[in-house]
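[1] With the sequence up front, the predicted model follows.
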Amino acid sequence: MRMVLAERAAALKEIADCVGEHNLKDIIQYFVEHRHDVVVRRTQFELRKAEERAHILEGLIIACDNIDEVVQIIRSSRTTDESIKRLMERFELSEIQAQAILDLQNLLQQQQEQIENLKNSMKSIGYSIVCDRGDINK
């Protein structure tokens, strides 16, 4: 971020230094070139991010296609590192892809735990309501 700001400051200083020497056409040309550079850098950044995301999604697709085996590997592994290593070896995944699969599995586990907690809360609330109703009907 600081580097980008420094580059912009340098470009503005260059333009300011040139104002006395150049006409409006030259100043606009400098501005257009600067905007072009900004768009190119932003597009390259967005492309890199999209490629990284596609790489992860390729791994998740492989995991979905082999979900039973993936679950078996994860459950039978003693550690996260062992799970990653075994997934990488079995399905020729990168470390980033294997980690994404484990992250997704961990997220699913957390969601299941939250659902179970909600079910238990609902049961206890339901039980207390039933007990309260029973007291009223007596």
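    Ah, there it is.

[2] For the rest of this, base every contact and every neighbour count on C-alpha atoms.
    OK.

[3] Can you show me the strands along this structure?
    Residue ranges of strands cannot be listed for the chain, since DSSP state E assigns none.

[4] what stretches of it score poorly on pLDDT?
    Low-confidence regions of the chain, defined by pLDDT under 70, span residues 1-5, 12-13, 15-20, 127-138.

[5] And the most centrally placed residue in the chain, how far from Arg41?
    For the chain, the residue lying nearest the average C-alpha position, counting by Cα atoms, centre = their mean, turns out to be Arg53 (7.9 Å). Between Arg53 and Arg41 the distance is 18 Å, computed by Cα to Cα, to the nearest Å.

[6] before we move on, what about Cys64?
    Between Cys64 and Arg41 the distance, using Cα to Cα, works out to 35 Å.

[7] repeat for Ala100
    27 Å.

[8] Comparing those two, which residue is more hemmed in?
    For Ala100 and Arg41, the more surrounded residue by other Cα atoms under 10 Å is Ala100, and the numbers stand at 17 against 12.

[9] List the buried residues of stretch 57-72.
    59-60, 62-63, 70 (16 or more other Cα atoms under 10 Å).

[10] Now, the residues you listed that are in helices?
    Using DSSP state H, the members of these that fall within helices are 59-60, 62-63, 70.

[11] Dump these to a markdown table, plus distance to His36.
    As requested, these are arranged in a markdown table below (distance: Cα to Cα, whole Å):
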| residue | distance to His36 |
| --- | --- |
| Gly59 | 35 |
| Leu60 | 36 |
| Ile62 | 39 |
| Ala63 | 41 |
| Val70 | 46 |
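
[12] quick check, nearest of those to Ser83?
    Distance ranking of those against Ser83, using Cα to Cα, places Val70 first at 9.2 Å.

[13] so the closest one makes contact with Leu87?
    Yes - taking Cα atoms under 8 Å as the definition, Val70 is a contact partner of Leu87 at 7.2 Å.
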